[in-house]
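K.L.:
Quick check, what structure comes out for this input:
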Amino acid sequence: MSVPSLRSALCLAGALTLVGAPAALSAEAAEEAPPLDTVIVIGDRRELPNIPGAGATIEAEDLRRLRPLTVNEALRQAPGVFAREEEGMGMRPNIGIRGLSPTRSTKVLLLEDGLPLSFAPYGDNASYYHPPIRRFERIEVLKGASQIRFGPQTIGGVINYVTPEARTEPGGRLTFAAGDNGYMETDASVGGEVLGFATLAHVNTTRSDSARDNQRLRFEDIFFKAERDLSDAHRLSLRLSTFSEDSQITYSGLTEAEFAANPRANPFANDSFTSDRVGASATHGWRVSESLQLKTSIHYAWFDRDWWRQSSSSSQRPNDASDPACGGMANLDTTCGNEGRLREYITWGAESRLTWKGPALGADVSAEAGLRWANERQARLQVNGDTPRARRAGVGRNAGLIEDNLRYAKAIAGFATARLAWGPLSVSPGVRIESIEYDRLNKLTGVRGSASLNEVIPGLGAAYEVNDRWTLFGGVHRGFAPPRVEDIINNSNGGAVDLDAEISTAWEAGLRGQPFYGVRLDVAAFRMDFENQIVPASVAGGLGATLTSAGETRHSGIEASLQASARELGLLNSDDLFVRAALTVVSDAKFVGRRFSNVSGFTNVVVTGNRLPYAPRTLFSGAVGYARGDWFEGQIEVVHTGGMFTDDLNTLAPTANGQRGRIRPATIWNATLNLTAPDGRLGGYLAVKNLFDELTIVDRSRGILPGPQRTFQAGLSYAF
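P.N.:
Okay, the predicted model is just below:
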């Protein structure tokens with residue numbers, strides 16, 4: 001399909017929905033209409049039965065009981081999600097779903113209040129930034145065919161972070177927390193009516209020495225939102241956020257010898273990571289009629305990142321032939337230079353979503369159609385400095401300039417979905433269309449190239465209410481992830497296509513329900529068949545920034561979650577004994593098509609049938625807790641991560657550089673205690689993470705990275 005015909009189809013999808021919308025609906029339907037100024041992904045836990053596929057919500061109550069320090073800790077409560085640590089504070093998340101590579105969260109779509117959170121979802125979906133977990137009230141994880149309502153990533157799933165509602169009554173909360181390993185945090189939120197707007201302001205400052213030596217982490221996050229009814233039919237929501245980080249952190253992991261000598265070592269004390277981000281968005285909601293709503297959002301984000309490092313992997317000790325004056329590790333603080341990987345991203349766009357409820361074809365119908373326009377600009381530099389502490393201002397633009405690239409991605413996208421319910425049976429067809437244009441300029445050589453990509457992404461979900469307790473669901477959809485700008489346009493001649501888009505067919509079937517009031521159970525089986533899966537080349541012993549094609553692959557398995565409450569079961573009155581569990585078993589995550597290894601020296605070895613790297617077979621997260629009235633709450637949590645391979649050869653024994661070798665299974669225990677004063681205003685908590693101080697390895701792609709050590713946290717909060 002050509003680009004003009006694609007754009008015509010996008011406009012037609014929206015027009016058909018408008019034509020089919022009746023002028024009015026019953027008062028009952030109007031009461032059920034979603035909020036005017038909010039893009040709904042799932043909604044709260046009560047909305048899960050309406051989703052024709054797998055999904056999970058992590059509610060405010062779950063976050064309070066856990067007291068997560070990072071988003072990784074929170075996401076492990078959702079089945080199917082593998083959240084891998086990196087620096088120990090979740091600032092650069094590595095999130096995988098259903099056995100997909102977690103590296104830089106490239107296989108998931110990250111949203112905040114239904115709007116893009118990633119800084120380049122079309123041109124480079126890697127995540128080098130994440131807001132603090134305290135900014136959010138709850139989290140939604142959407143998988144299956146329903147995710148085509150968003151995009152462009154429809155491979156693994158959608159993770160939506162939901163911020164608290166703005167306040168009309170004045171009030172807020174102030175929290176101070178501290179712990180070992182240099183952890184200190186101040187978190188404050190305040191709101192009230194200002195000039196007719198309900199408002200909420202949130203400020204967080206956090207510091208930690210984290211999981212390794214010479215790794216000082218510092219960041220500050222400010223978020224503001226304002227909401228106002230302009231009339232009975234119009235509502236406006238405004239959001240503004242700023243984030244800054246100034247951390248002493250390296251990119252490199254450890255060799256086997258270094259890890260054996262000191263597993264928490266970081267010899268590169270001169271490395272640093274600084275970043276700044278500004279984000280803004282506005283959403284206008286218009287209730288056209290009782291049955292019809294139109295939501296239009298505009299969003300903008302600027303992200304600037306400088307990562308100065310003397311080593312990019314455990315194979316660089318500390319640098320290569322480009323730094324002949326270095327002479328070795330003994331000269332890290334004197335004659336060794338560094339590499340500055342400097343990035344600037346600007347993303348802006350607009351999106352409209354039209355929702356309609358009414359009768360059609362003898363069914364109760366809920367339909368949604370949307371159009372999106374998106375732009376991304378990347379400015380990428382690599383500057384090699386002559387000294388250990390060289391930074392942007394002190395480095396000449398000529399001699400040390402290794403890379404100077406401008407990369408652009410422009411997209412027009414649209415979707416149309418509907419849920420048609422005939423009594424207990426509902427069917428949810430949908431389609432998404434993506435039309436993307438790429439452009440790349442190598443400013444060092446003057447070479448410029450462009451490319452375009454069009455994709456039609458269909459999906460179909462269904463659900464059947466067996467009775468008032470149980471619902472069967474299933475679905476199939478096309479998985480799609482666009483290539484990065486650097487992968488589709490060659491840097492040397494501007495013309496060659498290096499990597500194609502990532503394409504798959506995903507199936508799932510499951511059961512969701514309440515065997516008893518107070519017990520919730522979800523079980524889903526899944527299968528993903530990839531025509532062309534793109535994986536980090538680091539799985540073959542290269543550097544983490546390089547991607548390669550894994551060709552045909554297959555993922556299949558089962559995931560399940562359970563929540564139970566003795567209070568809701570009627571076994572206890574004011575007290576409660578509660579349990580939660582999330583299990584993921586990825587029975588298959590393997591190379592299917594004929595493929596040779598990418599590991600240097602083994603490129604004649606066929607790896608067909610081998611397991612994909614960083615795809616643990618088993619994940620489990622469970623907790624049991626007890627609440628005494630409204631003043632005491634405590635829980636014990638266990639998190640198990642199965643063993644995993646780190647290269648396509650499925651190498652068992654570790655290599656000297658630490659980049660290959662099987663990662664052993666790990667089981668971590670955590671404990672949390674919450675106390676609340678009788679008036680509900682004053683509260684405190686104590687949390688112990690990694691209770692038994694287990695030493696774990698979480699990653700080998702750039703050398704060995706250790707998991708976080710035992711950490712004590714204590715916090716005090718006051719609501720006003």
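K.L.:
What part of this structure, helix or strand, is modelled with the least confidence?
P.N.:
The weakest-scoring helix or strand in the chain, judged by mean pLDDT, DSSP states H and E, is helix 27-31 (a mean of 37).
K.L.:
right, and the helix or strand after it?
P.N.:
In the C-terminal direction, the helix or strand that comes right after helix 27-31 (DSSP states H and E) is strand 55-58.
K.L.:
And that following strand, what does it pack against?
P.N.:
Of the remaining helices and strands, those touching strand 55-58 by 3 or more C-beta pairs under 8 Å, 6 or more residues apart in numbering; DSSP states H and E are strand 138-142. (C-beta placed from N, C-alpha, C; glycine too.)
K.L.:
which residues touch the strand it packs on?
P.N.:
Under the contact criterion C-beta atoms under 8 Å, 6 or more residues apart in numbering, strand 138-142 has outside partners 41-44, 51, 53, 55-60, 63, 74-75, 78, 80-81, 97, 150, 157-162.
K.L.:
Just the buried ones out of these, please.
P.N.:
With burial judged by 16 or more other C-beta atoms under 10 Å, the buried subset of the contacts of strand 138-142 is 41-43, 51, 53, 55-59, 63, 74-75, 78, 80-81, 97, 150, 157-162.
K.L.:
remind me which residues of the protein are low pLDDT?
P.N.:
Where the chain drops to pLDDT under 70, the residues are 1-34, 319-322, 392-399, 496-498, 537-546.
K.L.:
So which residues of it form helices?
P.N.:
Taking DSSP state H as the test, the helices found in the chain are 3-19, 27-31, 60-66, 71-75, 256-261, 485-488.
K.L.:
Strands along the stretch 451-600 of the chain, start to end?
P.N.:
For the stretch 451-600 of the chain, strands defined by DSSP state E, counting those that start in this stretch occupy the ranges 470-481, 502-516, 519-536, 547-565, 576-591.
K.L.:
Mind listing the strands the shortest one pairs with, and their directions?
P.N.:
According to DSSP bridges, strand 470-481 has the following sheet partners: strand 447-465 (antiparallel), strand 502-516 (antiparallel).
K.L.:
in the last one, what counts as buried?
P.N.:
By neighbour count on 16+ other C-beta under 10 Å, the buried set for strand 502-516 is 502, 503, 504, 506, 507, 508, 509, 510, 511, 512, 513, 514.
K.L.:
can you put the strands of the stretch 451-600 of the chain in TSV and add distance to residue 462?
P.N.:
As requested, the strands of the stretch 451-600 of the chain are arranged in TSV below (distance: least, C-beta to C-beta, whole Å):
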stretch	distance to residue 462
strand 470-481	6
strand 502-516	10
strand 519-536	14
strand 547-565	19
strand 576-591	23
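K.L.:
So for residue 192, which of these sits nearest?
P.N.:
Each of the strands of the stretch 451-600 of the chain was checked against residue 192 via C-beta to C-beta, and the shortest separation belongs to strand 576-591, namely 32.8 Å.
K.L.:
what residue is smack in the middle of the protein?
P.N.:
For the chain, the residue whose C-alpha lies nearest the mean C-alpha position (C-alpha atoms, centre = their mean) is residue 110; its distance is 4.4 Å.
K.L.:
Would you agree residue 486 is in contact with residue 440?
P.N.:
Yes: when contacts are counted by C-beta atoms under 8 Å, residue 486 is listed as touching residue 440 (7.2 Å).
K.L.:
Check the gap between residue 668 and residue 533 for me.
P.N.:
Applying C-beta to C-beta, to the nearest Å, the value for residue 668 to residue 533 is 29 Å.
K.L.:
The two: who's more crowded?
P.N.:
For residue 668 and residue 533, the more surrounded residue by other C-beta atoms under 10 Å is residue 533, and the numbers stand at 29 against 22.
K.L.:
quick one, what contacts the more buried one?
P.N.:
Taking C-beta under 8 Å, 6+ apart, we find residue 533 in contact with 502, 504, 549, 550, 551, 552, 553, 612.
K.L.:
quick check, nearest of those to residue 264?
P.N.:
Top of the list for closeness to residue 264, among those and by C-beta to C-beta, is residue 612 at 28.9 Å.
K.L.:
List the beta-bridge partners for residue 513.
P.N.:
Residues in beta-bridge contact with residue 513 (DSSP bridges): residue 470, residue 521.
K.L.:
From residue 439, how far off is it?
P.N.:
Taken as C-beta to C-beta, the span from residue 513 to residue 439 is 50 Å.
K.L.:
before we move on, what about residue 225?
P.N.:
Where residue 439 is concerned, residue 225 sits at a distance of 34 Å (C-beta to C-beta).
K.L.:
cool, residue 507 as well?
P.N.:
From residue 507 over to residue 439 the distance is 36 Å, taken as C-beta to C-beta.
K.L.:
can you check residue 534 too?
P.N.:
Residue 534 sits 21 Å away from residue 439, taking C-beta to C-beta as the criterion.
K.L.:
More neighbours: the two, which one.
P.N.:
Ranked by neighbour count (other C-beta under 10 Å), residue 534 and residue 439 place residue 534 first, with 24 against 19.
K.L.:
any idea how far the more buried one is from residue 144?
P.N.:
Plainly put, residue 534 is 21 Å away from residue 144 if you go by C-beta to C-beta.
K.L.:
Over to residue 131?
P.N.:
Computed as C-beta to C-beta, the residue 131 to residue 144 distance reads 26 Å.
K.L.:
Look at those two and report which has more neighbours.
P.N.:
A direct count of neighbours by other C-beta under 10 Å for residue 131 and residue 144 places residue 144 higher, at 29 against 23.
K.L.:
list the contacts for the more buried one?
P.N.:
For residue 144, the contacting residues are 51, 52, 53, 54, 55, 461, 475, 477, 506, 508, by C-beta under 8 Å, 6+ apart.
K.L.:
Between all of these, which two are separated the most?
P.N.:
Of all pairs drawn from the contacts of residue 144, the widest gap by C-beta to C-beta lies between 51 and 506 and measures 15.2 Å.
K.L.:
which one is residue 520 nearest to, not counting chain neighbours?
P.N.:
Distances taken as C-beta to C-beta, 6 or more residues apart in numbering place residue 563 nearest to residue 520, at 4.6 Å, with adjacent residues excluded.
K.L.:
just checking, that neighbour touches residue 580?
P.N.:
Yes: in this structure residue 563 lies within contact range of residue 580 using C-beta under 8 Å: 4.9 Å.
K.L.:
list the buried ones in stretch 159-178?
P.N.:
Using 16+ other C-beta under 10 Å as the test for burial, stretch 159-178 gives 159-164, 166-168, 172-173, 175, 177.
K.L.:
ok, those residues vs residue 529, which is closest?
P.N.:
Checking the buried residues of stretch 159-178 against residue 529 with C-beta to C-beta, the nearest one is residue 159 at 23.1 Å.
K.L.:
Right, I'll leave it there.
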